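In: Provided below are the primary sequence and the corresponding predicted coordinates.
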Amino acid sequence: MARANSMPDAGDAAAGPGHAAALDLRIIDTFEEIEPLWRTFEAEAVMSVYQGFRWLQLWHRHVGRATADRLALVVGERAGAPVFIWPLGIWRTGPLKVARWLGGKYNNYNLGLWCPSEITAITEDEMRRALGDIARQAGIDTFELVNQPASWHGHANPFAAICAQPSPSNSYVLDLEPDFDALYTRLRSARSRRTLRRKRETMAEAGEIRFLHARDEASVLRIVEALIEQRNDRAAQAGIPSVFAEAGAAEMTRDILLDGMTPGDGPVMEAHALEVGGIIRATYVGGVHRGRYSCFLNSFRDDELTATSPGDQLLHDVVEYCCQAGMSQLDLGIGEARYKDAWCAPDPLFDSFVAMSAAGRIHAGFYELRQSVKRAIKANPVLWGAVKKARQIRSRAKL
């Protein structure tokens with residue numbers, strides 16, 4: 001387990017070796033004030049779909065505002081040009097102020113927004129000084145920064161130099177190619193392809209099969225309604241809280257999809273579904289940014305067609321769609337699952353727990369230990385199986 005990092009006393013973020021200008025920092029506490037800069041910057045910044053302005057603005061409006069104490073939208077600039085935007089919020093944990101990435105559990109990747117030429121040029125010393133200066137200005141005790149990729153589009157993540165403890169779960173990524181049939185043949189065995197084809201033939205006996213791509217408000221709302229119902233049902237069976245149990249989650253998902261359907265400089269959101277006999281049997285909701293499809297949520301209906309694997313059938317169609325659309329990558333988000341292993345390679349993530357005060361060191365140490373224990377349990381099939389079984393028993397006991 002990595003030890004909780006502590007920062008030296010905060011000071012100005014001085015220029016690093018080879019930089020003629022110092023790094024200037026400011027903290028903005030409203031989306032309205034930062035919007036012009038963010039909208040312009042995200043057109044060229046190194047970022048994932050989860051750092052889009054509207055994604056985080058709508059997350060904060062519907063979900064984050066109820067729990068976060070305040071926004072801390074950090075802008076780093078050099079000679080007046082943006083180096084990064086770190087979309088942070090500050091949460092109260094007892095007497096402590098804890099800084100976290102905005103988006104919470106809804107984000108599969110956290111990395112901020114970075115100028116392409118600066119993400120590899122910024123030094124570890126500048127990073128540490130920047131964190132110290134931010135903590136001093138905002139009174140932060142600990143930075144709790146989870147689910148960060150080691151690199152993005154070939155750029156190393158500067159936070160990895162500060163503190164990089166492996167996250168409890170990986171994300172999963174597939175490199176796409178224009179020829180879907182060739183990709184499918186290479187990734188899936190002849191037996192698995194034959195099995196999926198036979199299941200699709202069985203599925204067709206229940207009615208017409210349609211691959212839906214929502215392109216209007218009515219289609220979006222229909223898919224979101226099915227997504228919510230299916231996720232809630234599956235969560236109840238597994239004995240875990242549904243993502244939609246949190247206040248505002250359903251409204252956030254709906255508004256992000258409706259808002260993100262219009263092409264622009266930022267990420268575009270998409271909703272897909274598999275319809276059989278007029279009923280939506282599975283859904284996929286994700287964002288597209290710079291040729292990468294990132295799955296946000298998916299679901300499948302538990303009914304008489306479950307044995308035909310509607311979720312697997314839809315994933316097959318989504319991958320084929322992404323290949324035909326000329327996309328270069330697809331990721332299925334955080335968390336281990338058989339269907340992810342069938343298509344994708346693990347993409348390890350890391351957490352950074354950076355203490356800024358004596359009390360913050362205790363907090364950071366505790367969360368490092370907690371994350372290490374979670375990772376150890378998930379890596380052990382026996383222990384992880386026992387946890388899932390206990391959840392199911394608990395769920396049945398509540399019925």
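Out: Looks like it arrived, so ask away. Since the model is a prediction, treat every value here as computed from it, not as a measurement.
In: quick one, strands of the stretch 201-350 of the chain?
Out: Along the stretch 201-350 of the chain, the stretches classed as strands by DSSP state E, counting those that start in this stretch are 209-213, 268-276, 279-289, 292-300, 329-331, 345-347, 349-355.
In: actually the stretch 1-150 of the chain, sorry about that
Out: 5-6, 23-28, 70-78, 81-93, 96-101, 113-114, 142-149.
In: so which of those strands is nearest Ser171?
Out: When the strands of the stretch 1-150 of the chain are compared by C-beta to C-beta, strand 142-149 sits nearest Ser171, at 7.5 Å. All C-beta spots, glycine's among them, are computed from the backbone N, C-alpha and C.
In: let me see the contact set for Arg281.
Out: Contact analysis of Arg281 by C-beta atoms under 8 Å, 6 or more residues apart in numbering lists Ala273, Leu274, Glu275, Phe300, Arg301, Asp303, Leu305, Pro310, Leu314.
In: of these, buried ones?
Out: Buried residues within the contacts of Arg281, counting neighbours by 16 or more other C-beta atoms under 10 Å: Ala273, Leu274, Glu275, Phe300, Arg301, Leu305, Pro310, Leu314.
In: now pLDDT and distance to Phe41 too, for these, in TSV please.
Out: Formatted as TSV, the buried ones among the contacts of Arg281 follow (pLDDT from 0 to 100; distance: C-beta to C-beta, whole Å):
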residue	pLDDT	distance to Phe41
Ala273	98	34
Leu274	98	37
Glu275	98	39
Phe300	97	38
Arg301	97	41
Leu305	97	46
Pro310	98	40
Leu314	98	35
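In: nearest to Pro241 among those?
Out: Phe300 (18.7 Å).
In: bridged to that closest one, which residues?
Out: For Phe300, the beta-bridge partners are Ala282 (DSSP bridges).
In: now do the helices in this protein.
Out: Listed in chain order, the helices of the chain (DSSP state H) span residues 31-41, 53-62, 124-138, 180-187, 190-204, 217-238, 249-259, 310-324, 338-343, 358-379, 381-398.
In: could you dump the ones you listed to JSON lines with distance to Arg78?
Out: Output for the helices of the chain, formatted as JSON lines (distance: least, C-beta to C-beta, whole Å):
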{"stretch": "helix 31-41", "distance to Arg78": "13"}
{"stretch": "helix 53-62", "distance to Arg78": "22"}
{"stretch": "helix 124-138", "distance to Arg78": "10"}
{"stretch": "helix 180-187", "distance to Arg78": "42"}
{"stretch": "helix 190-204", "distance to Arg78": "51"}
{"stretch": "helix 217-238", "distance to Arg78": "41"}
{"stretch": "helix 249-259", "distance to Arg78": "32"}
{"stretch": "helix 310-324", "distance to Arg78": "37"}
{"stretch": "helix 338-343", "distance to Arg78": "39"}
{"stretch": "helix 358-379", "distance to Arg78": "28"}
{"stretch": "helix 381-398", "distance to Arg78": "45"}
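In: so for Ile90, which of these sits nearest?
Out: helix 124-138 (6.2 Å).
In: for His141, give its distance to Met356.
Out: Check again: residue 141 is Asp, not His. Distance of Asp141 to Met356, given as C-beta to C-beta, to the nearest Å: 6 Å.
In: what's the closest of the strands of the stretch 201-350 of the chain to Val373?
Out: Closest approach to Val373 among the strands of the stretch 201-350 of the chain (C-beta to C-beta): strand 349-355, 13.0 Å.
In: which residues touch that closest one?
Out: With contacts defined as C-beta under 8 Å, 6+ apart, strand 349-355 is touched by 4-7, 109, 131, 141-150, 159-160, 162-167, 169-171, 334, 361, 363-365, 367-368, 371.
In: got it, and stretch 47-60?
Out: 31, 35, 38-39, 42, 45, 68, 71, 85, 87, 89, 102-104, 106-114, 149, 152, 252, 255-256, 259-260, 266-267, 286-289, 292, 294.
In: do you know how far Tyr172 is from His272?
Out: Distance from Tyr172 to His272, counting by C-beta to C-beta: 18 Å.
In: buried sites along stretch 226-243?
Out: Using 16+ other C-beta under 10 Å as the test for burial, stretch 226-243 gives Ala226, Leu227, Ile228, Gln230, Arg231, Asn232, Asp233, Ala235, Gly239, Ser242, Val243.
In: sorry, wrong one. I was asking about stretch 44-60.
Out: For stretch 44-60, the neighbour count (16+ other C-beta under 10 Å) marks 45-60 as buried.
In: now Pro346: how far from Trp152?
Out: Per C-beta to C-beta, Pro346 is found 16 Å from Trp152.
In: more neighbours: which of the two?
Out: Neighbours were counted for Pro346 and for Trp152 using other C-beta atoms under 10 Å; Trp152 has more, 19 against 13.
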